[in-house]
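>>> Pasted the sequence and its predicted model underneath.
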Amino acid sequence: MGEVYRARDTRLGREVAIKVSTAQFNERFEREARVIASLNHSNICTLFDVGPNYLVMEMVEGQTLAERIKDGAIPLEEALRIARQIGDEAAHPRSIVHRDLKPANVKIKLDGVVKVLDFGLAKGRASARDPENSSTVTMEMSEAGMILGTPGYMSPEQASGEAADKRADIWAFGVVLHEMLTGKRLFMGATMREILTAVVTREPDLELVPGKVRRLLKSCLEKDPKDRLRDIGDAWRLLEDTPPLAPRTKPASRLPWVAAAALAVVAAEVSFVHFREAAPEPQMLQYTLAAPEKTTIANFAVSPDGRALVIGANGEKERQLWVRSLNSLQAHPLAGTEGANYPFWSADSRFIGFFAQGKLQKIAAMGGPAQILCDAPAGRGGAWNLGGVIVFAPTNSGGLYRMSEAGGVAVQVTKPETGTHRYPGFLPDGRRFLYTQLGARENGIYLGSLGFQSYFQLLPARVAG
């Protein structure tokens, strides 16, 4: 549909991708612009600007998932990490269906973050030489309607020209996950028609994938969409370890009630012994946190993986962030964090968020240039979930805000009637969070949630802030 150029945004000093259409702003181009603009998520490319025949988008460095798979099957844990980011529910709650999810439309950034690309369905011709790797096609059928998508990743209903909803994306998600784990295409053929026939008629072979994901893949790859997994958010509940095979035994020679009675006696004896055991003594772990040389500690945070500390320390000149591994006695300073306050970790323990010079910023825990995310004149704490959402207090008055780890526009998530909300911290589900309310009639610890501005008090408290 056009060309993509790498460019430099001289106003904001950043690399961008400019997608230029071969024609004026047509309906397909306009649809892509509207879709991408409505999505603000760390795993979806960010749209910066729109022109009469071009889009200015986030420049995503790294290889595509298709290029990664060419190196061979991806190990299970790595594949699941990628799949969780692909499957994050960013588009479906807005009634948006990608319709062309495939490895070539997924990029893996240098820091491991996954980006889903190309939400506008492109029109192109399939390659006669390589139909399995053909471009996205729009193929009109005389009776069945219109086929939209890439042959090897279409759902059966797409391949039949029927209307597609989010369950078509769930099918494609299953095909992509299968390809990651095996390094092979699930549906292949010498021609496009052979591939589409395989999609509609052939049952997926799950023998080559680990047992832990077979139930998940089977639910994603049901031919009938009514039997398919309905919500990608439920996918991870279907992961399971492969159950051990039961040993083959001869039929019991005694009556079943004899075995049941023996089992009851054993259970009673085990219960008697177990409940007579004394409870184990609680163990307390004490750890001394020493300040780096010639500094005093202002604040600190432990990484989610429990392996490191980030310390905000006041030195002879100004405050700076230091990182210390818990298996080391030495801390090293993070250049570019001068004046930093209230540090917090990303959920994967790879990045650190902090406030400095009136901005919310982030920096890699191993060091590197700091990146400004947005204004935060007097930041009072932040939290960062696995989905790439940051909740933070930009000032010492007012409510909490949320934004993508990639930067952009901050959206308010809590609105105190009086006082201020500070020091958020995500719960394990990545949606709910705790925070402190100060300066109001009912100070204390409160529970909030992404997507809802309702919240309630968990614990009354008097907290200095």
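Cool, got the structure.

>>> Could you list the low-pLDDT ranges of the stretch 51-200 of the chain?
Across the stretch 51-200 of the chain, the ranges flagged by pLDDT under 70 are 88-97, 119-149.

>>> rerun at 50
Scanning the stretch 51-200 of the chain for pLDDT under 50 picks out 89-93, 121-147.

>>> where along it do the helices fall?
Using DSSP state H, counting those that start in this stretch, the helices of the stretch 51-200 of the chain run over residues 65-70, 76-86, 156-159, 166-182, 192-201.

>>> so which of the ones you listed comes closest to Phe354?
Closest approach to Phe354 among these is made by helix 76-86 (24.0 Å; CB to CB). C-betas here are computed from N, CA, C, even on glycine.

>>> Show me the strands in the stretch 201-350 of the chain, by range?
296-302, 308-314, 319-325, 331-333, 341-345 (DSSP state E, counting those that start in this stretch).

>>> Tell me which of the ones you listed sits nearest to Leu239.
The nearest among the strands of the stretch 201-350 of the chain, by CB to CB, is strand 341-345 at 25.3 Å.

>>> average model confidence for the closest one?
Across strand 341-345, the average pLDDT comes to 95.

>>> and that strand, how far out from the chain's middle?
What separates the centre of strand 341-345 from the centre of its chain is 21 Å, taken as CA atoms, centre = their mean, to the nearest Å.

>>> and it, what does it pack onto?
Applying 3 or more CB pairs under 8 Å, 6 or more residues apart in numbering; DSSP states H and E, one finds that strand 341-345 contacts strand 296-302, strand 308-314, strand 351-356, strand 382-384.

>>> Which strands border the first one, and is each parallel or antiparallel?
According to DSSP bridges, strand 296-302 forms sheet pairs with strand 308-314 (antiparallel).

>>> Which residues outside the partner strand are in contact with it?
If you take CB atoms under 8 Å, 6 or more residues apart in numbering as the criterion, strand 308-314 is touched by 289, 291-292, 295-303, 319-326, 331, 334, 340-343, 345, 349, 352, 354, 365.

>>> Tell me how many other residues crowd the closest residue to Cys220 other than its chain neighbours.
Leaving aside its chain neighbours, Cys220 sits nearest to Gly174 (2.9 Å; criterion: CB to CB, 6 or more residues apart in numbering). Counted with other CB atoms under 10 Å, residues neighbouring Gly174 total 28.

>>> just to revisit the earlier point, quick check on the contacts of strand 308-314: which are buried?
Among these, those classed as buried by 16 or more other CB atoms under 10 Å are 291-292, 295, 299-301, 303, 319-324, 331, 334, 340-343, 345, 352, 354, 365.

>>> where are the low-confidence patches of the stretch 351-465 of the chain?
In the stretch 351-465 of the chain, residues with pLDDT under 50: 463-465.

>>> Repeat the analysis, applying 80 as the threshold.
Across the stretch 351-465 of the chain, residues meeting the criterion (pLDDT under 80) sit at 429, 440-441, 451-456, 461-465.

>>> which stretches of it form strands?
Going by DSSP E, counting those that start in this stretch, the stretch 351-465 of the chain shows strands at 351-356, 359-364, 371-375, 382-384, 389-392, 401-404, 411-412, 420-426, 432-438, 444-449, 452-460.

>>> Okay, buried residues for the second one please.
The neighbour-count criterion (16+ other CB under 10 Å) identifies Lys359, Leu360, Gln361, Lys362, Ile363 as the buried residues of strand 359-364.

>>> export the residues you listed to a markdown table and tack on distance to Cys374?
Below are those laid out as a markdown table (distance: CB to CB, whole Å):
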| residue | distance to Cys374 |
| --- | --- |
| Lys359 | 7 |
| Leu360 | 5 |
| Gln361 | 9 |
| Lys362 | 11 |
| Ile363 | 15 |
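
>>> hmm, back to that, select, out of the helices of the stretch 51-200 of the chain, the one closest to Gly211.
Closest approach to Gly211 among the helices of the stretch 51-200 of the chain (CB to CB): helix 76-86, 10.2 Å.

>>> Packing partners of the closest one?
Counting by 3+ CB pairs under 8 Å, 6+ apart, the packing neighbours recorded for helix 76-86 are strand 106-108, strand 114-116, helix 166-182.

>>> just to revisit the earlier point, which stretch among the helices of the stretch 51-200 of the chain comes nearest Ala406?
Using CB to CB, these put helix 76-86 closest to Ala406, at 12.9 Å.

>>> Quick one: work out the angle between the closest one and helix 166-182.
Put simply, helix 76-86 runs at 160 degrees to helix 166-182, going by axes from the mean of the first three to the mean of the last three CA atoms, to 10 degrees.

>>> centre of the chain versus helix 76-86, how much separation?
Worked out by CA atoms, centre = their mean, helix 76-86 lies 9 Å from the chain centre.

>>> Just the C-alpha atoms of it, please, in PDB.
Extracted C-alpha coordinates of helix 76-86, given in PDB (Å, rounded to 0.1, in the frame of the first residue of the first chain):
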ATOM      1  CA  LEU A  76       8.900 -22.600  26.000                       C
ATOM      2  CA  GLU A  77       9.400 -19.900  28.600                       C
ATOM      3  CA  GLU A  78      10.600 -17.300  26.000                       C
ATOM      4  CA  ALA A  79       7.700 -18.200  23.700                       C
ATOM      5  CA  LEU A  80       5.200 -17.700  26.500                       C
ATOM      6  CA  ARG A  81       6.800 -14.400  27.400                       C
ATOM      7  CA  ILE A  82       6.300 -13.200  23.800                       C
ATOM      8  CA  ALA A  83       2.800 -14.700  23.600                       C
ATOM      9  CA  ARG A  84       1.700 -13.000  26.800                       C
ATOM     10  CA  GLN A  85       2.600  -9.600  25.300                       C
ATOM     11  CA  ILE A  86       1.000 -10.400  21.900                       C
END
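
>>> got the buried residues for that helix?
Of the residues in helix 76-86, those buried (16+ other CB under 10 Å) are Ala79, Leu80, Ile82, Ala83, Gln85, Ile86.

>>> Distance to Ala376 added to those, as a markdown table?
Below are the buried residues of helix 76-86 laid out as a markdown table (distance: CB to CB, whole Å):
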| residue | distance to Ala376 |
| --- | --- |
| Ala79 | 36 |
| Leu80 | 34 |
| Ile82 | 31 |
| Ala83 | 33 |
| Gln85 | 26 |
| Ile86 | 31 |
